[in-house]
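Enquirer: Need a 3D model of the following:
(2 chains)
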Amino acid sequence: MPRIRPTRSVVACTLATAMASAFAQAPTPTEAELARKLDQLAAELAAVKAQLAALQQQRAAQAQAPAASAPAATAAVPAATEPETPTAPATVFSGYAELNYNRPTKQTENTQADLRRFVLGLSHRFSPTTKMVGELEVEHGVSSASDPGEVALEQAYIEHQLGRTWGVRGGLFLIPIGLLNESHEPTAYYGVERNFVETAIIPTTWREGGVQLIGQYGNGITLQTGLSTGFDLSKWDATSTEGQESPLGSIHQEMALAKAHDLSVFGALNWRGIPGLLLGGGVFAGNATQGQTPTSSRVTLWDAHARWTPGRWDLSALYTRGTISNTAALNAPLVGNPSLIPSAFDGYYVQGAYKVWMQQDYALAPFVRWERFNTGKSYADLGPGLTPSPLPTETVWTAGANFQVTPGVVVKADYQWFSVNKDANRFNLGLGWAF
Amino acid sequence: MPRIDSATGVVVTLTTAVALAPTAAFAVDYMSADEAAKLMFPQADRFEVRTLTLDAAQLQQLQAAGVAPRSARWQVRVAQRDGTTLGYVVVDDVIGKFELISYAVGIGSDGAIRQVEVLSYRESHGHEIRLPAWRKQFVGKDASAPLRVGDDIANISGATLSCSHVTEGVRRIVAVIDLARHLGTLT
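Expert: Alright, predicted model coming up:
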């Protein structure tokens, strides 16, 4: 209404002026009537002016940052003003870090303190629908020719929203397999160290270069699928035990001059339709010989997972299995070395945590995890005496607690018992943060 | 049924996305503040926008109740019908992980949450906070409820920060409205 009235007041003024000049030329018997109307218009104009002044005053008051000393009162606002469009900075820094202390209680000489990783994240929004996400990681404190550290890009991709449901990513991104890979900040998991299943079998933090489509549905389903670089079996080092620690971790490429003769495909489906429940799984498959050998070998890894967080509980379970095809031909020339390429490897875990204590931002959550994994569950037949025996399945119990100092900062302590490699039993202490 | 709907949705959405790609901007905006207010109080014949200004003592009162007040000024849409107050709608923004989440909270005249709606979501992950099932957890709760993730509000795996920050925002709004109701400054 006030917006219309100024226009009316202009019309009124014009009319009034026109009428006034008309009266001067030819006064008529209706003069008194017209004069009354003129008075009416003048009164209306005054009202409009008053309203306009009130509106200006109100806007000025809004513009001034209100101090705490402002009077405790509410002001009725005559017109609905839309809330200001929210503005967030286009460029945002983020980060996370882990500092770990590991003390093997049967081999205390191997006690270590490590600035495991310090990660700087940077995201930039080019437009409401397009942004860049990047993460730069420094591992083990110092990276130089004479130090054990490593500098790596964990993520570097462009994400473009195509509509309400679909988005597309291009670049170096995390593969959506398991619970940990895409959500690997220390505040997001229990225990000082990441679980074995999702490091030895699923090579977290696992990223590939490629294109990914993400569909997010109103019924709680998230669908991710794409085409990416894959593993490189020519990197397999049979003389080292690295392949026994993590078969895929030893042949991943991380887009560092990655051999891209063979591309891989992946897909993941997660359902979060019930608050607190996540059910999902994913699969990744692709040739990994990259045109380097006459035969071709396919690496396939899949997982199924569930996480349920009713109230103070946090329960999760995961199973994952990987296979490498045609390994006999690749292994034949490697016979005699300590590590041949396995044809299958798998692992699973069950974990339970309960938030026993919360006060303001503090929260204490003890947890227990039971996991079993085998990085060399089976080997392709090379004939009697030549075929490696399957590795023993390791069982690890981890019990400890995460203590949240404030959201984003966590102190962790736990103890781990190994059933096969008993000498590895250890006490762990960690400090982590993420923002 | 949901799967069939989803499959149809894929085709329709993809077709629409391709057809409308150059013009489809702000794809993450789901509804306006006014639309949310009308959705929450369909029987209202009027929404009066009022500015609530809290003084230092009131801010401290909120702080003491465990709510970080953040702002001294709050814009409240008072839903009315025939001059009777039906409830209040407050629109707010919180940071999810990196980006702003715009949401609206509808509170009945009794102080209980009537509805929570997400107006805009810009993060890459965690859009599941828009799911009705997650937002329904707030309905009926008032200032006496803990309103905390991992307590009376279930978390969404992979969207912890978005869940926590929206829950924190809702708790703040409920506390502010509760304070205003008791002071009688919104009537």
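Enquirer: tell me which element the residue nearest to the spatial centre of chain B falls in.
Expert: Residue closest to the average C-alpha location in chain B (Cα atoms, centre = their mean): residue B:104, at 2.9 Å. Assigned by DSSP states H and E, residue B:104 belongs to strand B:100-108.
Enquirer: which secondary structure elements does that strand contact?
Expert: Packed against strand B:100-108 by the contact rule (3 or more Cβ pairs under 8 Å, 6 or more residues apart in numbering or on different chains; DSSP states H and E) you find helix B:33-40, strand B:84-95, strand B:113-120, helix B:160-183. Just so you know, the C-beta spots here come from the backbone N, C-alpha and C atoms, and that holds for glycine as well.
Enquirer: What strands flank it, and is each parallel or antiparallel?
Expert: Strand pairing for strand B:100-108, using DSSP bridges, gives strand B:84-95 (antiparallel), strand B:113-120 (antiparallel).
Enquirer: ok, is stretch A:175-184 in contact with chain B or not?
Expert: Yes - against chain B, stretch A:175-184 shows contacts by Cβ under 8 Å from any Cβ of the partner chain at A:179, A:182, A:183.
Enquirer: Okay, now the unreliable bits of chain A?
Expert: Residues of chain A meeting the criterion pLDDT under 70: A:1-32, A:34-39, A:41-88.
Enquirer: Excluding covalently adjacent residues, which one is nearest to the residue in it positioned nearest to chain B?
Expert: Using Cβ to the nearest Cβ, the closest approach of chain A to chain B is made by residue A:276 at 3.1 Å. Distances taken as Cβ to Cβ, 6 or more residues apart in numbering or on different chains place residue B:154 nearest to residue A:276, at 3.1 Å, with adjacent residues excluded.
Enquirer: Would you mind confirming that residue A:238 is in contact with residue A:334?
Expert: Yes - between residue A:238 and residue A:334 there is a contact under Cβ atoms under 8 Å: 4.1 Å.
Enquirer: got any residues that touch both of those two?
Expert: Common neighbours of residue A:238 and residue A:334, counting by Cβ atoms under 8 Å, 6 or more residues apart in numbering or on different chains, are A:340, A:341.
Enquirer: Which helix or strand in chain B has the lowest average pLDDT?
Expert: Least confident helix or strand, chain B: helix B:2-20 with a mean of 40, by mean pLDDT, DSSP states H and E.
Enquirer: Next up, the contacts around the residue of chain B found nearest chain A.
Expert: Closest approach between chain B and chain A, counting by Cβ to the nearest Cβ: residue B:154, at 3.1 Å. Residue B:154 makes contacts with A:275, A:276, A:309, A:310, A:311, B:134, B:137, as judged by Cβ under 8 Å, 6+ apart.
Enquirer: Out of the residues you listed, name the ones that lie in helices.
Expert: Using DSSP state H, the subset of those located in helices is residue B:134.
Enquirer: Just say helix, strand or coil for residue A:200.
Expert: Following DSSP: H, G, I helix; E, B strand; the rest coil, the label given to residue A:200 is helix.
Enquirer: how about the helix or strand where residue A:158 lies against chain B, any contact?
Expert: Per DSSP H and E, residue A:158 falls inside strand A:150-161. Yes - residues of strand A:150-161 are located near chain B by Cβ under 8 Å from any Cβ, namely A:159, A:161.
Enquirer: The helix or strand following that strand vs strand A:150-161, what angle?
Expert: The C-terminal neighbour of strand A:150-161 among helices and strands, as given by DSSP H and E, is strand A:166-174. With axes from the mean of the first three to the mean of the last three Cα atoms, to 10 degrees defining the directions, strand A:166-174 sits at 180 degrees from strand A:150-161.
Enquirer: Show me what the following helix or strand past strand A:166-174 is packed against.
Expert: Moving toward the C-terminus from strand A:166-174, the next helix or strand (DSSP H and E) is strand A:207-216. On a contact count with 3+ Cβ pairs under 8 Å, 6+ apart, strand A:207-216 meets strand A:166-174, strand A:221-228.
Enquirer: Mind putting the ones you listed into CSV with distance to residue A:342?
Expert: Below are these laid out as CSV (distance: least, Cβ to Cβ, whole Å):
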stretch, distance to residue A:342
strand A:166-174, 24
strand A:221-228, 23
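Enquirer: Which of those strands sits closest to residue A:424?
Expert: Closest to residue A:424 of those, according to Cβ to Cβ: strand A:166-174, at 28.0 Å.
Enquirer: what's next to that closest one, contact-wise?
Expert: For strand A:166-174, using Cβ under 8 Å, 6+ apart, the contacting residues are A:153-162, A:181-182, A:184, A:205-216, A:226, A:254-255, B:13-14, B:17, B:124.
Enquirer: need the strands paired with strand B:100-108 in a markdown table with mean pLDDT and mean neighbour count, can you?
Expert: A markdown table is the format used below for the strands paired with strand B:100-108 (pLDDT from 0 to 100; neighbours: other Cβ atoms under 10 Å in any protein chain shown):
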| stretch | mean pLDDT | mean neighbour count |
| --- | --- | --- |
| strand B:84-95 | 94 | 21 |
| strand B:113-120 | 95 | 22 |
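Enquirer: can you put those in a markdown table and add distance to residue B:176?
Expert: Formatted as a markdown table, the strands paired with strand B:100-108 follow (distance: least, Cβ to Cβ, whole Å):
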| stretch | distance to residue B:176 |
| --- | --- |
| strand B:84-95 | 7 |
| strand B:113-120 | 13 |
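Enquirer: Give me the neighbour count for residue A:91.
Expert: 12 (other Cβ atoms under 10 Å in any protein chain shown).
Enquirer: Please report how far it lies from residue A:156.
Expert: Noted for residue A:91: a distance of 15 Å to residue A:156, by Cβ to Cβ, to the nearest Å.
Enquirer: hmm, back to that, for residue A:264, state which of the contacts of residue B:154 is nearest.
Expert: Nearest to residue A:264 among these, with distances taken as Cβ to Cβ, is residue A:309, at 31.7 Å.
Enquirer: What count of nearby residues applies to the closest one?
Expert: As a burial measure, residue A:309 scores 23 neighbours (other Cβ under 10 Å).
Enquirer: just checking, it touches residue B:158?
Expert: No - when contacts are counted by Cβ under 8 Å, residue A:309 is not listed as touching residue B:158 (11.1 Å).
Enquirer: So chain A: which segments form each domain?
Expert: With domains defined by automatic domain parsing, chain A comprises A:4-56, A:91-434.
Enquirer: Sounds good, over and out.
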